[in-house]
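> pasting a predicted model and its sequence here:
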Amino acid sequence: MADTNTLRWVPRAGGGAETAGPVGPDARGGRPLRYETLRFPDCSPIPLLRDGFEAYDGRIEYWDARSGTAWVVAENSGVHEGSSRRLPHLAERIASVRGAPIVSFGSVSLVVRNAAGRPERAMEADETLYLHPDRAATPERSLTIGGHDFPDVVLEVDHTTDVRPGKLLLYEAWGFPELWVVVPPAGATRRRPAGVTIHRLEGGKYRSAPESAAFPGWTAAEIHTGLTEPVPTPATCRVLERVGRTLGAREGRGPEHDPLSRALLAEGRTQELAAAVRSLLKLRGQSLSPAFAERAAAFSGIPRDTVMAAALAGADEADFWRRLEAAPGRTGPRRP
């Protein structure tokens, strides 16, 4: 009879996420993972049977139905939550420049289920990001190994814990493509210095990399800075813009494809064009009415050359507006 505490992992049909199977051919060529050897430093074991697990509301680092044991973090910390919750905000800024959404599912449970659909093992991720949520099988309450697509990035925060002897091995065995492990300054030690380690799956094994594959060009040092500074600095914002533009260039997208960025770009263009017209008319000795600023909103649908030509030719502000109304090919709203 097979040892059910030793599992190898075989790919789901059609690629993507993986599912647990008994000991057998290992599609990744790695060694079988023995769950009883996993360790979860600074976590406390508590008894928790399967029925209790399904009803449990608290956070669990790892749970095993066979032993009826859950491991929970011994010391909860705001530093831990602060670092993980910053990632979705950074990703939103990248998404607005990229021109396509990036979705976070937060601290989601990753569950291995048996043939009857009952949970066998579970682990809690600190943060998860999907770069293409519109075409991924994303989780609802939990992520089922073999039933949902894996996120493009999983984040783990090592503040009082250490993922290396436990959670890291599980992520690798289950085939998660990219794992970021951040050690915030408040949790750093001489043996565990502050920083981010990017683990990328290559040939079934994790290898440390200097930058992300999911977010091309975003380096481990830049990620750590973004995750640990209270408010993004101008330098970090430039990094996020760079990463967003790189992602967008790969997909033929940009800020103009993001609804909020598109509106802000249009507003900025309108304000810049209104300032240029105001300056030109004043240089020509023409006075402007109080209604000019309000009416200038119509510039958003008119080519710049058309607006500037009307400003150069108009005898006064009223003539400027008449010429603009009569301009061929304009797409902005007409004056009521």
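That came through fine.

> please enumerate the strands of the stretch 151-300 of the chain.
Per DSSP state E, counting those that start in this stretch, the stretch 151-300 of the chain carries strands over the ranges 153-157, 178-183, 195-202, 205-209.

> angle of the first one against strand 178-183?
It stands for strand 153-157. 20 degrees (axes from the mean of the first three to the mean of the last three Cα atoms, to 10 degrees).

> can you give me the buried ones in stretch 281-292?
By 16 or more other Cβ atoms under 10 Å, the buried positions in stretch 281-292 come out as Leu281, Gln286, Phe292. To be clear about C-beta, it is placed using only N, CA and C from the backbone, and glycine gets the same treatment.

> got the CA coordinates for that stretch in CSV?
Output of stretch 281-292 as CSV, limited to C-alpha atoms (Å, rounded to 0.1, in the frame of the first residue of the first chain):
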residue,chain,number,x,y,z
LEU,A,281,-4.9,85.3,-26.5
LYS,A,282,-3.5,87.5,-23.8
LEU,A,283,-0.2,88.0,-25.7
ARG,A,284,-2.4,89.3,-28.6
GLY,A,285,-4.0,91.8,-26.2
GLN,A,286,-7.4,90.0,-26.0
SER,A,287,-9.3,89.8,-22.8
LEU,A,288,-10.9,86.6,-21.6
SER,A,289,-14.3,86.1,-20.0
PRO,A,290,-14.9,84.3,-16.7
ALA,A,291,-16.6,81.5,-18.8
PHE,A,292,-13.4,80.7,-20.7
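
> do you know which of the strands of the stretch 151-300 of the chain lies nearest Leu227?
strand 178-183 (5.4 Å; Cβ to Cβ).

> just to revisit the earlier point, and the strands of the stretch 151-300 of the chain: which comes nearest Pro303?
Within those, the stretch nearest Pro303 is strand 153-157; the backing value is 41.4 Å (Cβ to Cβ).

> please name every helix or strand in contact with that closest one.
In terms of contacts (3 or more Cβ pairs under 8 Å, 6 or more residues apart in numbering; DSSP states H and E), strand 153-157 is packed against helix 78-98, strand 127-130, helix 167-174, strand 178-183.

> many thanks, I have nothing further to ask.
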